[in-house]
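Peer 1: sequence first, predicted model second:
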Amino acid sequence: MTNKKCGRVLIAAGALVLCAAVSLVAYNRYTDKKAGEAAEKTAAVIREHIESSRKQLTYDTESESGSEAQQDITYEDEEPEALDIDGELYIGLLEIPKLGLELPVTKGWDYNKMAHALCQYSGDVRHNDLIICGHNYTSYLIDVDQLAVGDEMIFTEINGRKHSYTVGWFELLGGLEGEKLDAKTEDWDLTVFTCTWSGYSRVIVRCIGSDEV
């Protein structure tokens with residue numbers, strides 16, 4: 001092959017690589033945008049349900065004191081409620097005021113769920129060991145590393161009960177260190193994590209719970 005032909009082949013190959021890169025960026029931006037729109041729509045439905053639940057709870061509290069059987073059931077023993085929206089179950093909303101975020105959280109997790117919401121990775125709010133995961137979309141958790149110790153997070157259950165948390169610690173774990181996510185749940189009441197841009201590491205935010213709000 002002559003130098004001239006070789007040069008043309010290299011230029012063509014470079015152009016293909018550039019086109020592939022541009023296409024990938026465009027696809028990622030499209031996926032990010034769709035995920036943000038889906039989360040916003042779902043969050044609106046959950047907020048409406050929560051407001052309705054609060055009104056009903058107020059009515060029930062004013063109407064009756066509750067049966068003995070109800071009084072014997074502790075909060076920790078209750079089955080956490082979940083709301084079915086288009087065949088997907090949601091356990092509540094996670095709010096991060098500093099980042100201007102309020103995102104829906106699904107019950108359980110898999111990669112399909114993560115395409116349109118944050119997910120319950122493990123644990124639950126009732127036992128102070130809830131771990132929430134989510135993609136590093138611009139409309140999701142891309143900026144969690146911008147939080148500081150002392151910043152607030154709020155998790156609102158489907159029934160309207162709110163829980164306030166304070167950021168207390170940050171960690172960076174490798175992709176193969178998943179077992180360390182659960183290692184410190186006895187020390188932290190809420191953990192939120194997402195991947196770094198490379199996808200090889202995870203940004204971990206540990207939080208301490210305060211009184212219900």
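Peer 2: It's in.

Peer 1: which secondary element of the chain has the worst mean pLDDT?
Peer 2: Least confident helix or strand of the chain, by mean pLDDT, DSSP states H and E, is helix 68-72 with a mean of 46.

Peer 1: next structured bit after that helix?
Peer 2: Next helix or strand after helix 68-72 toward the C-terminus (DSSP states H and E): strand 83-85.

Peer 1: what sits up against that next one?
Peer 2: Contact with strand 83-85 is made by 42, 45-46, 49, 89-91, 158, as judged by C-beta atoms under 8 Å, 6 or more residues apart in numbering. Every residue, glycine included, has its C-beta placed from N, CA and C.

Peer 1: go with 6 Å
Peer 2: Here strand 83-85 makes contact (C-beta atoms under 6 Å, 6 or more residues apart in numbering) with 42, 45, 49, 90, 158.

Peer 1: in that strand, what counts as buried?
Peer 2: Within strand 83-85, the residues that count as buried by 16 or more other C-beta atoms under 10 Å are 83, 85.

Peer 1: burial measure for residue 96, as a count.
Peer 2: Counted with other C-beta atoms under 10 Å, residues neighbouring residue 96 total 21.

Peer 1: sorry, that was for residue 100
Peer 2: Count around residue 100 with other C-beta under 10 Å applied: 8.

Peer 1: same check, this time on the one 10 residues further on
Peer 2: Other residues near residue 110 number 9, with proximity taken as other C-beta under 10 Å.

Peer 1: quick check: pLDDT value at it.
Peer 2: pLDDT, residue 110: 92.

Peer 1: just residue 176 next, same as before
Peer 2: pLDDT recorded at residue 176 is 61.

Peer 1: kindly report the same for the one 10 residues further on.
Peer 2: Per-residue confidence (pLDDT) for residue 186: 71.

Peer 1: name the nearest residue to it, ignoring sequence neighbours.
Peer 2: Distances taken as C-beta to C-beta, 6 or more residues apart in numbering put residue 129 closest to residue 186, at 7.7 Å, once the chain neighbours are dropped.

Peer 1: for residue 122, see how far away the one you found is.
Peer 2: Distance of residue 129 to residue 122, given as C-beta to C-beta, to the nearest Å: 8 Å.

Peer 1: okay, and the beta partners of residue 132?
Peer 2: Judged by DSSP bridges, the bridge partners of residue 132 are residue 120, residue 192.

Peer 1: please apply the same query to residue 204.
Peer 2: Here residue 204, judged by DSSP bridges, has bridge partners residue 171, residue 193.

Peer 1: let me see the contact set for it.
Peer 2: Shown in contact with residue 204 (C-beta under 6 Å, 6+ apart): 171, 173, 193.

Peer 1: so the second one lies in a strand, does it not?
Peer 2: Read that as residue 173. Yes - according to DSSP: H, G, I helix; E, B strand; the rest coil, the state of residue 173 is that of a strand.

Peer 1: tell me how many other residues surround it.
Peer 2: 16.

Peer 1: ok, for it, nearest residue in space, not its chain neighbours?
Peer 2: Nearest residue to residue 173 in three dimensions, chain neighbours excluded: residue 202, at 4.8 Å (C-beta to C-beta, 6+ apart).
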